[in-house]
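J.: here is my input, please return the structure:
(2 chains)
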There are 2 protein chains.
Amino acid sequence: LLKIPRTLSLADIKARKRRTVTATLECSGNSSNPGFMGAIGNIRWTGTPLAPLLRECHPLDRAIEVVFFGADEKVEKIRDKDYLQNFARSLSLRDAMKRDDILLAYEMNGQPLEKDHGAPLRIIVPGWFGITWVKWLTRIELLDRRYMSKYMAREYVTIRGEEHGDKTFWRETSVGPMDVKSVVARVARRKDGSLRVSGAAWTDGTPLQRVELKIDNGNWAPLQLDKKQGSKYSWTFWSYDWKNATPGEHTLVSRAMDAEGRVQPSADDPEIKLKRTYWEANQQWVRKIRI
Amino acid sequence: LLKIPRTLSLADIKARKRRTVTATLECSGNSSNPGFMGAIGNIRWTGTPLAPLLRECHPLDRAIEVVFFGADEKVEKIRDKDYLQNFARSLSLRDAMKRDDILLAYEMNGQPLEKDHGAPLRIIVPGWFGITWVKWLTRIELLDRRYMSKYMAREYVTIRGEEHGDKTFWRETSVGPMDVKSVVARVARRKDGSLRVSGAAWTDGTPLQRVELKIDNGNWAPLQLDKKQGSKYSWTFWSYDWKNATPGEHTLVSRAMDAEGRVQPSADDPEIKLKRTYWEANQQWVRKIRI
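T.: From the prediction side, this is the model:
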């Protein structure tokens, strides 16, 4: 579905326009349970933008999907038969074309990308969960219909309920853009004896409007956001100076809100309570500390 | 994901701009076997275009999907748990917005739509297989991630192989636009004693370039196309005057080609041979007759 299909060597790709984007990579299962809280990192990625390359290939008007195939292959059972498949994920062509920061990346934090991280080439989709960032990229295809791989259609699918009157209807969606989210990372005693609470917050690229902290049964208090963030796709550190903390056990919980007004939900909000798979868990995490 | 969500009554929808489109509706399983060849019809549909309605609701920039929900509901087992679901299918927002001929339809051939055909309202997606044309429409939603219902992700999925060197990789795609296709419908004796072969051909809306017929082991002969077709989404009848037919058994097979150069494949072509589900069967059909 390209008027001008192309085959590019890694050298061809490295000779193209170079771009560096700082972006947080989060596993879509991160925070699904207390034992799985660290599957996130913030990295400087370098590569060449995908969109101009697609434009040069002149997609036909009926192309709607861009599919990224990795070198990793496996025989999968589908309806009781065996099929050899590459790991693959797709984006809508519109998503792939409207942004210049989806990269074919070959460097990570200024170093050549390592094999474990997808060398020689992986796709970087800032603001989307990690499953979309296909490693060991070998081929990109355009399709005129929806791609339905195991990892689009059967795995990495969120099942969520929605109440309509007295009925709950359930909706399945493929893991996609990241959700507005924050977490209390640590509480440290400073030289003056006061406590500093710090953590991070991140979004799908929509600017953060504010992050708040609640201590015990207090009110939500606004947090100081670190302005030195690398890009709109990287996490933002925040901090709070906790004065007059009393000895004993305390609960701390943060919540983030983005510029569209989307608020990080509590574990009791319907969008979390009615979520039945562990992907896309952005609920507020209540942390306990003892002083 | 709409700045201005709206609730419309059927009367509101009927008061909107009215449009009639003639379009062939084909079941995506049609022609999967000799006993299932008639699941297709050509109909005049009347309703209001979807795209202007969506535009009036101002979708947010991050909306990528339009999901159509029908009134029909069922409890489905997903990963061994029960979930109440409406029948639903989605289109990419781009597909839904770029055309003015996707209709919210309430009339069929000039008559009020009947209940069996989706009354009071169904969606008409000319050029796409029938599964997309959701009946008993109750609600339209926009999403910022891919919708994965049973009928997008697990059923009405085509599994097709593609040979890369000595390996065959398998690809799953959701049933989407119709394929270029033709069929020999009948052979009739005319008053002058000659035979007239007739049939139909159709596409996803791409103009037909030509339709050809092969008799026994002869060459592909061009067919006469009926120009009175209702729209680019309706089938085109074709005919062929067969002179000097000899008594005995003969084979007849037709093939269509569209303006993009896509040719209706034979049953032996890889795109059919390496298709493992019965959906989207557009192979040439060899018919036998005895004179």
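J.: domain assignment for chain A?
T.: Segmentation of chain A into domains, based on automatic domain parsing, reads A:10-147, A:181-290.
J.: endpoints of the shortest one, how far apart?
T.: Across domain A:181-290, the terminal residues are separated by 24 Å (Cα to Cα, to the nearest Å).
J.: how about the residue nearest the centre of chain A, what does it touch?
T.: Central residue of chain A (Cα atoms, centre = their mean): A:Phe129, 2.8 Å from the mean position. Residues in contact with A:Phe129 (Cβ atoms under 8 Å, 6 or more residues apart in numbering or on different chains) are A:26-28, A:156, A:175-178, A:279-280. No exception for glycine: its C-beta is placed from N, CA and C like everyone else's.
J.: I'd like to know how far it sits from A:Val21.
T.: A:Phe129 sits at a distance of 16 Å from A:Val21 (criterion: Cβ to Cβ, to the nearest Å).
J.: buried ones in the strand with the most length in chain A?
T.: The longest strand of chain A (DSSP state E) is strand A:65-78. Neighbour-count burial for strand A:65-78 flags A:65-70, A:78 (criterion: 16 or more other Cβ atoms under 10 Å in any protein chain shown).
J.: can I get those residues in CSV with pLDDT?
T.: As requested, the buried residues of strand A:65-78 are exported to CSV (pLDDT from 0 to 100):
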residue, pLDDT
A:Glu65, 93
A:Val66, 96
A:Val67, 97
A:Phe68, 97
A:Phe69, 96
A:Gly70, 96
A:Ile78, 93
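J.: centre of the chain to stretch A:78-96, how far?
T.: Here stretch A:78-96 is found 19 Å from its chain centre; the criterion is Cα atoms, centre = their mean, to the nearest Å.
J.: circling back: which ones, among the contacts of A:Phe129, also lie beside chain B?
T.: Restricting the contacts of A:Phe129 to those within reach of chain B (Cβ under 8 Å from any Cβ of the partner chain) leaves A:175-177.
J.: which members of the buried residues of strand A:65-78 are the farthest-apart pair?
T.: Among the buried residues of strand A:65-78, the pair separated by the greatest distance (Cβ to Cβ) is A:Val66 and A:Ile78, at 22.6 Å.
J.: for chain B, tell me whether stretch A:72-81 is touching it.
T.: Yes. Between stretch A:72-81 and chain B, judged by Cβ under 8 Å from any Cβ, the touching residues are A:73, A:78-79, A:81.
J.: out of those, which one has the lowest pLDDT?
T.: Minimum pLDDT for these is recorded at A:Arg79 (90).
J.: how near is that one to B:Arg154?
T.: Noted for A:Arg79: a distance of 9 Å to B:Arg154, by Cβ to Cβ.
J.: just to revisit the earlier point, which PyMOL command selects the buried ones in the ones next to chain B among the contacts of A:Phe129?
T.: Per 16+ other Cβ under 10 Å, the buried members of these correspond to this PyMOL selection:
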select buried, chain A and resi 175+176+177
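J.: closest to chain B among the ones next to chain B among the contacts of A:Phe129?
T.: Set against chain B, the nearest of those by Cβ to the nearest Cβ is A:Gly176 (3.1 Å).
J.: got the confidence number for that closest one?
T.: Per-residue pLDDT puts A:Gly176 at 95.
J.: who are the contact partners of the residue lying closest to it once chain neighbours are set aside?
T.: Leaving aside its chain neighbours, A:Gly176 sits nearest to B:Arg145 (3.1 Å; criterion: Cβ to Cβ, 6 or more residues apart in numbering or on different chains). Contact analysis of B:Arg145 by Cβ under 8 Å, 6+ apart lists A:173-177, B:64-65.
J.: mind listing which of those residues are in strands?
T.: A:173-174, B:65.
J.: measure A:Asp144 to chain B for me?
T.: Computed as Cβ to the nearest Cβ, to the nearest Å, the A:Asp144 to chain B distance reads 6 Å.
J.: excluding chain neighbours, what is closest to that residue?
T.: A:Asp144's closest residue in space is A:Arg62 (Cβ to Cβ, 6+ apart), at 4.6 Å.
J.: do you know how far the closest residue to chain B within the stretch 1-150 of chain A is from B:Glu271?
T.: The minimum distance from the stretch 1-150 of chain A to chain B, using Cβ to the nearest Cβ, falls at A:Arg145 (3.1 Å). For A:Arg145, the distance to B:Glu271 equals 13 Å [Cβ to Cβ].
J.: pull out the buried positions in stretch A:199-217.
T.: Residues of stretch A:199-217 classed as buried: A:199-206, A:208, A:210-215 (neighbour count, 16+ other Cβ under 10 Å).
J.: oh, I was asking about stretch A:7-21
T.: The neighbour-count check on stretch A:7-21 (16+ other Cβ under 10 Å) flags A:13-14, A:19, A:21 as buried.
J.: reformat the residues you listed as a markdown table; add pLDDT and secondary structure.
T.: Putting those into a markdown table (pLDDT from 0 to 100; DSSP: H, G, I helix; E, B strand; the rest coil) gives the following:
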| residue | pLDDT | secondary structure |
| --- | --- | --- |
| A:Ile13 | 97 | helix |
| A:Lys14 | 97 | helix |
| A:Arg19 | 97 | strand |
| A:Val21 | 97 | strand |
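J.: that older thread, what about chain B: which of the buried residues of stretch A:199-217 touch it?
T.: Contacts with chain B within the buried residues of stretch A:199-217, as defined by Cβ under 8 Å from any Cβ: A:Asp204.
J.: greatest separation within the buried residues of stretch A:199-217: which pair is it?
T.: The largest distance within the buried residues of stretch A:199-217, taken as Cβ to Cβ, falls between A:Gly205 and A:Ile215 and amounts to 29.8 Å.
J.: whether stretch A:281-291 contacts chain B - can you check?
T.: No. If you take Cβ under 8 Å from any Cβ as the test, stretch A:281-291 misses chain B, and the best it gets is 13.4 Å.
J.: start to end distance for that stretch?
T.: The stretch stretch A:281-291 measures 29 Å between its terminal residues, going by Cα to Cα.
J.: now swap in stretch A:164-180 and tell me
T.: Using Cα to Cα, the two ends of stretch A:164-180 sit 25 Å apart.
J.: and it, what's buried?
T.: By 16+ other Cβ under 10 Å, the buried positions in stretch A:164-180 come out as A:169-180.
J.: and what of stretch A:38-57?
T.: For stretch A:38-57, the buried set under the neighbour-count rule, 16+ other Cβ under 10 Å, comprises A:40, A:42-50, A:53-54, A:57.
J.: now those residues in a markdown table, with distance to A:Glu107 and pLDDT?
T.: Output for those, formatted as a markdown table (distance: Cβ to Cβ, whole Å; pLDDT from 0 to 100):
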| residue | distance to A:Glu107 | pLDDT |
| --- | --- | --- |
| A:Ile40 | 20 | 95 |
| A:Asn42 | 15 | 95 |
| A:Ile43 | 10 | 96 |
| A:Arg44 | 8 | 97 |
| A:Trp45 | 7 | 98 |
| A:Thr46 | 4 | 98 |
| A:Gly47 | 7 | 98 |
| A:Thr48 | 11 | 98 |
| A:Pro49 | 14 | 98 |
| A:Leu50 | 16 | 98 |
| A:Leu53 | 17 | 97 |
| A:Leu54 | 21 | 97 |
| A:Cys57 | 24 | 96 |
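J.: could those residues go into a markdown table alongside distance to B:Ile4 and secondary structure?
T.: Putting the buried residues of stretch A:38-57 into a markdown table (distance: Cβ to Cβ, whole Å; DSSP: H, G, I helix; E, B strand; the rest coil) gives the following:
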| residue | distance to B:Ile4 | secondary structure |
| --- | --- | --- |
| A:Ile40 | 36 | strand |
| A:Asn42 | 37 | strand |
| A:Ile43 | 39 | strand |
| A:Arg44 | 40 | strand |
| A:Trp45 | 37 | strand |
| A:Thr46 | 41 | strand |
| A:Gly47 | 39 | strand |
| A:Thr48 | 39 | strand |
| A:Pro49 | 33 | strand |
| A:Leu50 | 33 | helix |
| A:Leu53 | 36 | helix |
| A:Leu54 | 32 | helix |
| A:Cys57 | 37 | coil |
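J.: of those, closest to B:Met97?
T.: Set against B:Met97, the nearest of the buried residues of stretch A:38-57 by Cβ to Cβ is A:Leu54 (19.7 Å).
J.: sweet, I'm off.
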